[in-house]
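Participant: Sequence and computational prediction follow.
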Amino acid sequence: MTSNPAHGFDALMRGARLLTRRELRPFIIVPLLINLVLFIAITALMISQLGGLADYLGSLLSHTPVNTDNMSWWEAIMAKGAAWAADAFRWLAWVIALAVLLLFFFVYGYLFGIITNIIAAPFNGFLAEKVEEILTGRAPPQEPLGRMVWRTLGRELRKLRYFIGWGLVILLIALLTSWTVFVPALLGALWGAWCMAIQYVDYPLDNHQRPFDELKSVLLRRKMTSLSFGGAVMLAKMVPVLNIFVMPAAVAGGTALWIERLRQDGDPGTEKLPTEQ
């Protein structure tokens, strides 16, 4: 099976469709309530910062005509030359303004995602377990509730360390190449998509108590599929209101993606399904 970006986008849509199943509704209510409360809190925080962002973008894009009435002829030539150069590179100011605006929404979506993922991790584990049971007819191995809760919380912290550690490396590279504008944007987009793929494909593997390093190997089997799934989740999380509903759809979609596109013979769960195509 080849790596196809369309499969990643389709996985998120498949997750959204799975949420309409009646048997999944009890596993969706609590995560949605958590998302709603955090959405209100984080959105209020980000809105409080919009005033300063608007002032910065306005100063970046403003263009005040040069008044040369009180200048000597050579000062007027220099001032008009500087104004011409500013106009010639006005496009760069718009590019920077757009990058700043996208960064604002990226931080908004990323902050929202990190907090909700940690708090809702045990509930997402239950949801992934039920989705796997629906799709395969078999549930992952059972374990005591208390042990499962602590294990999933520990797994979230393990992922968070990975995200922050490599995120700092990506940030350093982005700063060193910031003069290009496009390199940091591309790095940020790829890193965000990779993080979202790791976050939501991890739940079914974690339910089978598979090591974190194995998850990365699973995703690297079909890089474009994994990145397109993560990218779709990342973009959806940047949209206010829609981001309330993205997490359960991403959990269901990530589980379906692992079962139907990423899993191979010998992976956890496949030994139970000898007739699976």
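Facilitator: Sure, I can see it. This structure is a prediction, so every number in the text was calculated from the model and none was measured. Residues are numbered from 1 along each chain as shown.
Participant: Neighbours of the residue lying closest to residue 221 once chain neighbours are set aside, how many?
Facilitator: Distance criterion Cβ to Cβ, 6 or more residues apart in numbering; nearest residue to residue 221, sequence neighbours excluded, is residue 262 at 6.1 Å. For the C-beta atoms, the positions are set from N, CA and C on the backbone; glycine is no exception. As a burial measure, residue 262 scores 26 neighbours (other Cβ atoms under 10 Å).
Participant: With residue 36 instead?
Facilitator: 12.
Participant: my guess is it contacts residue 244, does it?
Facilitator: Yes - Residue 36 lies in contact with residue 244 (Cβ atoms under 8 Å); the separation is 5.8 Å.
Participant: how close does residue 131 sit to residue 23?
Facilitator: Residue 131 sits 10 Å away from residue 23, going by Cβ to Cβ, to the nearest Å.
Participant: Enumerate every residue touching residue 131.
Facilitator: 18, 24, 204, 251, 252, 255, 256 (Cβ atoms under 8 Å, 6 or more residues apart in numbering).
Participant: didn't the last one look like it was pressed against residue 16?
Facilitator: No - with contacts counted by Cβ under 8 Å, residue 256 stays clear of residue 16, the gap being 10.6 Å.
Participant: Dihedrals phi and psi, residue 240?
Facilitator: Torsion angles at residue 240 (phi, psi; degrees, to the nearest 10) stand at phi -60, psi 150.
Participant: I figured it was touching residue 43, is that so?
Facilitator: Yes - Residue 240 is within contact range of residue 43, at 6.2 Å (criterion: Cβ under 8 Å).
Participant: sorry, back to before: between residue 256 and residue 16, which one's more packed in?
Facilitator: The residue with more neighbours, out of residue 256 and residue 16, is residue 256; 24 against 17, by other Cβ under 10 Å.
Participant: in which helix or strand would I find that one?
Facilitator: Assigned by DSSP states H and E, residue 256 belongs to helix 242-257.
Participant: how about that helix: buried residues?
Facilitator: For helix 242-257, the neighbour count (16 or more other Cβ atoms under 10 Å) marks 243-257 as buried.
Participant: And the furthest pair within those residues?
Facilitator: Farthest pair in the buried residues of helix 242-257 (Cβ to Cβ) is 244 and 257. Separation: 21.6 Å.
Participant: Can you verify my assumption that residue 237 contacts residue 246?
Facilitator: Yes - in terms of Cβ under 8 Å, residue 237 counts as a neighbour of residue 246; the distance is 5.3 Å.
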